[in-house]
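Visitor: Generate coordinates for the sequence data below:
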Amino acid sequence: MEQRRAIVIGAGLGGLAAAAALHRRGWAVRLHERGPWPGPAGAGLAMMPNALRALDAVGAGDTVRDLAAIQGDGGLRRADGRYLARTSAAAVQARFGDPMVVLERARLAAILRDAAADVPLLSSTSAIVAGAGDAEHPAVVRVGEGDEEAELVVAADGVHSAARAVLFPEHPGMKPTGWTAWRFVVDASVAVQAGETWGDAGVVGLVPLADDRTYVYAAAVAPVGERAADERAELLRRFGHWHAPIRRLIESAETGSVLRGDIAELAAPLPALHHGRVALLGDAAHPMAPFLGQGACQAIEDAVVLAHALDGPDGVAGYTAARHGRTTDVVRRSHRMGALALLRSPVARRLRDALLKTAGSLSSDTAIRQLMPVVDWWPPTGDQAKISGAQSDPR
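Guide: Predicted coordinates for the structure are as follows:
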């Protein structure tokens, strides 16, 4: 039997995971990246138990567990440092069978590249969907001045996906949320406890990494396109009076190391995650606000489910059937969490904090119960009937 051919557009985390997953299932894969690879280092990210299980499916889970830092006990605090709710790392491990781990994005990209080491990666090349194909015809990708054909094209080309615009030209596309986000990584000179802080200026998250480093992120309500001449100074202005060690960590950031970007979402979910022989994956399919830490996790889930669905009776349509409902729900949950964290009304914030504190005092597993619909997911097995949505633990 002739080997099936796939082209993956985009060598971010989702594209790398797709290349690894398809290669493991016998596909001949070519990976195209329009920029240099590796690209910018980025900052940090969380891999929740659902993503670790998906990484297991491409042979990268144990490496991530070995190299990442396990997120310890933490919680949600007010700007003055008082806790609204606490989280237990042991309880997360006991409930989901895996911890939450955190690592730098560049390190995860390198791990996934190793998992797809046999896949050719052509960087600094433009690859554009020129034809979606159908049951009788292959998809076509224009690479430079030539065309390449494949039984499958995976478009993992990011938030502003060119492939998405080609496949769904009537879709309204992206819309701003009115939120902006900062992120950076610093060498930790002080003890840092994992968690988030919510206050009148926005949100700050502290995530200890391996090698005595800390990932810091923040979010706030801000006009679209607003930028500061010095983003570190802007963070100090907004959050420098919050509880320790927030100010010290911001002051430790190197000049120019603070990344800032406005948060945007699709104006409406796509009607499908595929068209013809082209599958959209990750941010190209369902860009989401970062408040659940699920953007990269969902992209890796996508990759594993896509590779599995292609061996089923419905082919790429089975991928949409398996992923559309789940990813739409995670996008919605992420937006709701952002709206709750970034409330503008002082009265609403006081009511929110009171409710969170009450819920936290009544039950120690409040955070875990909130995570269950998102994190309690398992990769598909040989049973095609189980690939839709979240699954129960198969053990």
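Visitor: going forward, measure contacts between C-alpha atoms and count neighbours the same way
Guide: Noted.
Visitor: residue ranges of the helices in the protein, please?
Guide: Assigned by DSSP state H, the chain shows helices spanning 13-24, 49-57, 61-67, 89-96, 105-115, 162-167, 231-239, 246-252, 295-309, 316-341, 346-362, 366-375.
Visitor: List of residues touching the shortest one?
Guide: To tie it back to what came earlier, the one meant is helix 162-167. Helix 162-167 has contacts (CA atoms under 8 Å, 6 or more residues apart in numbering) with 128-129, 132, 155, 157, 171, 173, 275, 280, 284-285.
Visitor: Drop anything exposed from those residues.
Guide: When the contacts of helix 162-167 are checked for burial by 16 or more other CA atoms under 10 Å, the buried set is 128-129, 132, 155, 157, 173, 275, 280, 284-285.
Visitor: just checking, which of the residues you listed belong to strands?
Guide: 128-129, 155, 275, 280 (DSSP state E).
Visitor: Redo the residues you listed as a markdown table? Include pLDDT.
Guide: Below are those laid out as a markdown table (pLDDT from 0 to 100):
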| residue | pLDDT |
| --- | --- |
| I128 | 95 |
| V129 | 97 |
| A155 | 98 |
| H275 | 98 |
| L280 | 98 |
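Visitor: Check which residues of stretch 19-32 are buried.
Guide: Buried-residue list, stretch 19-32, by 16+ other CA under 10 Å: 19-24, 27-32.
Visitor: Now the two most distant members of these.
Guide: R24 and H32 (18.3 Å; CA to CA).
Visitor: Which residues are in contact with the spatially most central residue of the chain?
Guide: By CA atoms, centre = their mean, the chain has its centre lying nearest to G295, at 1.8 Å. Contacts for G295 (CA under 8 Å, 6+ apart) come out as 282-283, 287-289.
Visitor: Check A116 too.
Guide: A116 neighbours (CA under 8 Å, 6+ apart): 16-17, 19-20, 23.
Visitor: Check what pLDDT it gets.
Guide: Turning to A116, the model gives it a pLDDT of 97.
Visitor: can you put the buried ones among the contacts of helix 162-167 in a markdown table and add distance to P208?
Guide: Below are the buried ones among the contacts of helix 162-167 laid out as a markdown table (distance: CA to CA, whole Å):
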| residue | distance to P208 |
| --- | --- |
| I128 | 39 |
| V129 | 40 |
| A132 | 43 |
| A155 | 33 |
| D157 | 29 |
| G173 | 35 |
| H275 | 41 |
| L280 | 33 |
| A284 | 29 |
| A285 | 30 |
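Visitor: Tell me the one of those residues nearest L266?
Guide: Nearest member of these to L266, counting by CA to CA, is G173, at 5.5 Å.
Visitor: pLDDT value on the closest one, please?
Guide: 96.
Visitor: how near is it to V119?
Guide: 31 Å (CA to CA, to the nearest Å).
Visitor: if we can go back for a sec, for the helices of the chain, which has the smallest mean pLDDT value?
Guide: For those, where the average pLDDT is lowest is helix 366-375, sitting at a mean of 83.
Visitor: What are the buried residues along that one?
Guide: 366-368, 374-375.
Visitor: and if you look at stretch 162-174?
Guide: In stretch 162-174, counting by 16+ other CA under 10 Å, buried: 162-164, 167, 173.
Visitor: Same check on stretch 126-145?
Guide: Neighbour counts using 16+ other CA under 10 Å place 126-133, 138-141 of stretch 126-145 among the buried residues.
Visitor: try stretch 182-196
Guide: In terms of neighbour count (16+ other CA under 10 Å), stretch 182-196 has its buried residues at 182-186, 188, 192-196.
Visitor: What residues does Q298 make contact with?
Guide: 51, 282, 327 are the contacts of Q298 under CA under 8 Å, 6+ apart.
Visitor: Recalculate using a threshold of 7 Å.
Guide: Taking CA atoms under 7 Å, 6 or more residues apart in numbering as the criterion, Q298 is in contact with G282.
Visitor: For the remainder of this discussion, apply numbering that starts at 506.
Guide: Fine by me, first position is 506 from now on; the one you just mentioned is Q803.
Visitor: Can you tell me how far it is from A523?
Guide: Counting by CA to CA - Q803 and A523 are separated by 12 Å.
Visitor: L560 now?
Guide: Here the criterion is CA to CA. By it, L560 lies 11 Å from A523.
Visitor: out of the two, which sits in the busier spot?
Guide: Between L560 and A523, counted using other CA atoms under 10 Å, A523 has the larger neighbour count: 34 against 27.
Visitor: Give the buried residues for stretch 769-783.
Guide: Those would be 769-771, 774-775, 777-783, for stretch 769-783 by 16+ other CA under 10 Å.
Visitor: Please save the CA atoms from it in CSV.
Guide: Once non-C-alpha atoms are left out, stretch 769-783 reads as follows in CSV (Å, rounded to 0.1, in the frame of the first residue of the first chain):
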residue,chain,number,x,y,z
ALA,A,769,-8.6,38.1,20.7
GLU,A,770,-11.1,35.3,20.1
LEU,A,771,-13.1,34.1,17.1
ALA,A,772,-16.3,36.1,16.8
ALA,A,773,-18.1,32.7,16.6
PRO,A,774,-17.1,29.1,16.6
LEU,A,775,-16.2,27.7,13.1
PRO,A,776,-18.9,25.5,11.6
ALA,A,777,-16.3,22.7,11.4
LEU,A,778,-12.6,22.1,12.1
HIS,A,779,-12.0,20.8,8.6
HIS,A,780,-13.0,21.4,5.0
GLY,A,781,-12.2,18.9,2.3
ARG,A,782,-8.9,17.3,3.2
VAL,A,783,-7.6,20.2,5.3
